[in-house]
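Trainee: Show me how the following folds:
(one chain, ligands or ions: 1)
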Amino acid sequence: MTSTKNVSLADLDLFEKGDPWAAFDELRANQPVHWDEEDAPNHGFWSLTRYHDIVSVLRDTETFSSERGTVNLEELDDEQIEARKSMLETDGIRHRSLRRLMQGEFTPRAVAGYETFLRGLTASTLDAAFAKGEFDFVADVAADFPIRVLAKMLDVPDADIYKLIDWGNRMVGNDDPEHADVLASSAESEKYRLLPFRSPAALEVFEYGRMLADERRGTDRTDLVARLVNQVPEDGVPLSERDFNSYFLLLVVAGNETTRHTITHSMNYLIRNPDQFALLKEQPELIPWAVEEFLRLASPVFHFRRTAQRDTEINGQAIREGDKVVTWFASGNRDPEVFADPYRMDVTRSPNEHMAFGRGGPHMCLGNALARLEIRIMFESLIPRVDRMVSLGEPDRLRSNFVNGIKRFPVRVELA
Ligand code: HEM
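Mentor: Take a look at the predicted model:
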C-alpha cells in the first residue's frame with residue numbers, strides 16, 4: 001500500500017482510473033487529517049476522510065465557512081467570490097433565506113406529486129432502451145431521466161432538455177478534456193474566472209434563465225422559475241441578478257449530474273452483486289432501503305469544501321485561518337467505524353446514515369427527497385422487467401475529483 005506522504009487527492013488520474021478508494025482507506029486509517037500539496041496558485045488543502053470529522057466540520061459553520069468556495073478546490077479572490085456566489089457559498093441568515101425560497105418545492109410531500117409523471121417517464125425510457133437490447137446505460141437510461149423531471153419543474157419544453165444536459169456536462173466536466181470547453185486548469189480559463197466552474201457554458205445558462213425569468217415575472221405561474229422571481233427572501237433583500245443567475249444555475253447542475261451518476265453506479269453494483277439483484281427481485285419492498293445503499297456506494301459527489309475562519313484544530317491537527325478543508329463524503333461513506341464491511345453491497349443495511357447528500361449541516365442537499373424518489377422509481381420499474389443485465393465493458397469515468405461521474409456504460413439486457 002502507498003504511504004500517506006505520497007497520496008494526493010488533487011491527482012485527477014487517481015479518480016479517472018476509478019480507484020481513489022485505496023487512497024481514502026490509507027488516509028482514513030493513518031492520517032485522517034492529511035495535508036495535500038497543490039500546484040501554484042493554489043496553496044494546498046486539508047483532506048478529511050473520517051465520517052465523524054466530516055460531520056463536525058459541516059455542523060460548525062462559524063469556524064468552517066462556505067463563503068470562500070465549496071464546489072471545488074479553486075482558491076477564489078474577493079472579486080470571484082462576489083461574482084460567483086450562490087446559496088451554496090453563503091452562510092448564516094442569507095443562506096437560510098435563500099434556501100427557504102425553494103424549500104417547499106422539494107419536501108418529500110411536494111415531490112411525491114411527481115410520482116405518476118416519473119413512473120410514465122421511466123416506463124418510456126426503459127421501453128426505448130430495452131428495445132435496443134444492447135445500449136449505453138448512461139445515454140439511454142440514466143442521462144435523460146433526472147433532467148426531464150427538472151424540465152417539468154422548471155416548466156421548459158422537452159426540446160430544451162439536451163441543452164440542459166450539455167450545459168451540465170460542460171460545467172461539471174471542467175477538468176475532463178472530453179467535456180470542457182476550456183480546461184479549468186488551463187491559462188485560457190482565466191478569461192472565465194468570474195464564472196461558475198470557470199466555464200463559458202455558464203453564460204448560456206444565465207441567458208436562458210433570464211429569458212425564462214422575463215417571461216414569468218409578475219405572473220401567477222407555479223414553476224420553480226416563477227417562484228424564484230416572484231418572491232422576496234425572508235431577510236427582505238430581493239434577489240440580485242447575480243443571485244437569480246447562480247440559483248438557476250445551481251438547480252440545473254445539482255439536479256442533473258448527481259442523480260444520473262447514482263443510477264448508473266447502482267446498475268453497475270447490481271450487475272456485480274447478482275445476489276443483491278436477486279434479493280430485490282424477490283422482495284421489491286426492500287427497494288426504498290436499497291436506495292440508501294445505492295447512494296452510499298455511488299457517492300456521486302466526492303467532496304465539498306469549507307475554509308477555516310480562525311486558527312483551530314480537527315482531531316488534534318492544527319488548522320490555520322484561511323486553510324481549505326475538504327470533506328470527502330465518498331470516503332466517509334466507506335468508514336468502517338460507521339459502516340461494517342463498507343465495501344460490501346448490502347441492500348438491507350440498517351442503519352445506513354450515509355453522507356452522499358452531506359450530513360448534519362445547513363447545506364444538506366435540498367433535492368434529496370426528489371433524488372431518492374427518482375432512484376427508487378427507476379429501480380422499481382427496471383428490476384421486475386430484467387432477468388439479467390450484462391456489462392459489456394468497464395464504465396468510462398469522468399476526469400474529476402468533484403463528481404464521481406460515469407460517461408458511458410455499455411450493457412446488454414436480458415428481459416424477464
Ligand atoms: C443523488 C443525487 C444528489 C446528490 C448525491 C446530491 C448531493 C449534494 C451535496 C453533497 C450537497 C452539499 C451538502 C453540504 O455541503 O452539506 C448538495 C447540495 C444541494 N443540492 Fe444536491 N444532490 C443530489 C441531487 C439534487 C437534486 C435532484 C437537486 C434539485 C434539483 C439538488 C439540489 C441541491 C441544492 C440546491 C443544494 C444546495 C443546498 C444549500 O446550499 O443549502 N441536489 N447536494
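
Trainee: how close does the residue of the stretch 101-250 of the chain found nearest the ligand sit to Ala180?
Mentor: Residue nearest to the ligand within the stretch 101-250 of the chain: Leu250 (5.1 Å; Cβ to the nearest ligand atom). No exception for glycine: its C-beta is placed from N, CA and C like everyone else's. Distance of Leu250 to Ala180, given as Cβ to Cβ, to the nearest Å: 19 Å.

Trainee: so what's whichever residue of the chain sits closest to the ligand up against?
Mentor: In the chain, the residue found nearest to the ligand is Gly367; the distance is 2.0 Å by Cβ to the nearest ligand atom. Gly367 makes contacts with Phe106, Ala254, Gly255, as judged by Cβ atoms under 8 Å, 6 or more residues apart in numbering.

Trainee: Verify the contact between the first one and Arg372 for me.
Mentor: Meaning Phe106. No: in this structure, Phe106 is not within contact of Arg372 by Cβ atoms under 8 Å, at 11.0 Å.

Trainee: Name the residues that touch stretch 224-236?
Mentor: 93-94, 96-98, 100-102, 105, 153-155, 209, 212-213, 216-220, 238-239, 244, 247-248, 251.

Trainee: Can you mark which positions in it are buried?
Mentor: Leu224, Val225, Ala226, Arg227, Leu228, Val229, Pro233 (16 or more other Cβ atoms under 10 Å).

Trainee: Show me which residues of the stretch 201-350 of the chain sit near the ligand.
Mentor: Leu250, Leu251, Ala254, Gly255, Thr258, Thr259, Thr262, Pro300, Val301, Phe304, Phe329 (Cβ under 6 Å from any ligand atom).

Trainee: quick one: which of those sit in helices?
Mentor: Leu250, Leu251, Ala254, Thr258, Thr259, Thr262, Phe329 (DSSP state H).

Trainee: Which pair in the residues you listed has the greatest spatial separation?
Mentor: Leu251 and Phe329 (20.4 Å; Cβ to Cβ).

Trainee: all strands for the stretch 101-250 of the chain, in order.
Mentor: Applying DSSP state E, counting those that start in this stretch to the stretch 101-250 of the chain gives strands spanning 134-136.

Trainee: on that earlier part again, dump the residue contacts of the residue of the stretch 101-250 of the chain closest to the ligand.
Mentor: Counted by Cβ under 8 Å, 6+ apart, Leu250 has contacts Ser86, Met87, Leu88.

Trainee: any chance of those residues in CSV, with neighbour count and secondary structure too?
Mentor: Below are the contacts of Leu250 laid out as CSV (neighbours: other Cβ atoms under 10 Å; DSSP: H, G, I helix; E, B strand; the rest coil):
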residue, neighbour count, secondary structure
Ser86, 22, coil
Met87, 21, helix
Leu88, 21, helix
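
Trainee: how about those residues in a markdown table, adding distance to the ligand?
Mentor: Below are the contacts of Leu250 laid out as a markdown table (distance: Cβ to the nearest ligand atom, whole Å):
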| residue | distance to the ligand |
| --- | --- |
| Ser86 | 8 |
| Met87 | 4 |
| Leu88 | 4 |
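
Trainee: which of the contacts of stretch 224-236 count as buried?
Mentor: Judged by 16+ other Cβ under 10 Å, buried ones among the contacts of stretch 224-236: 94, 96-98, 101-102, 105, 153-154, 209, 212-213, 216, 239, 244, 247-248, 251.

Trainee: in this protein, what spans have low per-residue confidence?
Mentor: In the predicted model, the chain carries pLDDT under 70 at residues 1-3.

Trainee: if we can go back for a sec, so which of the buried residues of stretch 224-236 sit within helices?
Mentor: Leu224, Val225, Ala226, Arg227, Leu228, Val229.

Trainee: And the furthest pair within those residues?
Mentor: So for these, where distance means Cβ to Cβ, the most widely separated pair is Leu224 and Val229, at 9.9 Å.

Trainee: ranges for the strands of the stretch 301-416 of the chain?
Mentor: Using DSSP E, counting those that start in this stretch, strands in the stretch 301-416 of the chain cover 303-308, 312-314, 317-319, 324-328, 386-391, 396-397, 406-408, 410-415.

Trainee: Please render the ones you listed as a markdown table that adds mean neighbour count to the earlier fields.
Mentor: Output for those, formatted as a markdown table (neighbours: other Cβ atoms under 10 Å):
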| stretch | mean neighbour count |
| --- | --- |
| strand 303-308 | 23 |
| strand 312-314 | 16 |
| strand 317-319 | 15 |
| strand 324-328 | 25 |
| strand 386-391 | 14 |
| strand 396-397 | 18 |
| strand 406-408 | 19 |
| strand 410-415 | 16 |
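
Trainee: Glu16: which of these is closest?
Mentor: strand 396-397 (5.5 Å).

Trainee: Check which helices and strands that closest one is in contact with.
Mentor: Strand 396-397 sits against strand 406-408, with contacts defined as 3 or more Cβ pairs under 8 Å, 6 or more residues apart in numbering; DSSP states H and E.

Trainee: if we go to 10 Å?
Mentor: Under the contact definition 3 or more Cβ pairs under 10 Å, 6 or more residues apart in numbering; DSSP states H and E, strand 396-397 sits against helix 12-16, strand 406-408.

Trainee: Just put the ones you listed in JSON lines and tack on distance to the ligand.
Mentor: Putting the helices and strands packed on strand 396-397 into JSON lines (distance: least, Cβ to the nearest ligand atom, whole Å) gives the following:
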{"stretch": "helix 12-16", "distance to the ligand": "16"}
{"stretch": "strand 406-408", "distance to the ligand": "13"}
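
Trainee: how far does stretch 166-183 sit from the chain's center?
Mentor: Stretch 166-183 sits 15 Å away from the centroid of its parent chain (Cα atoms, centre = their mean, to the nearest Å).

Trainee: And stretch 131-149, by the same measure?
Mentor: On Cα atoms, centre = their mean, the centre of stretch 131-149 falls 18 Å from the chain's centre.

Trainee: How about stretch 59-73?
Mentor: So, by Cα atoms, centre = their mean, the centroid of stretch 59-73 is 17 Å from its chain's centroid.

Trainee: Endpoint to endpoint, it covers what distance?
Mentor: 20 Å (Cα to Cα, to the nearest Å).

Trainee: Fine, thanks again, bye for now.
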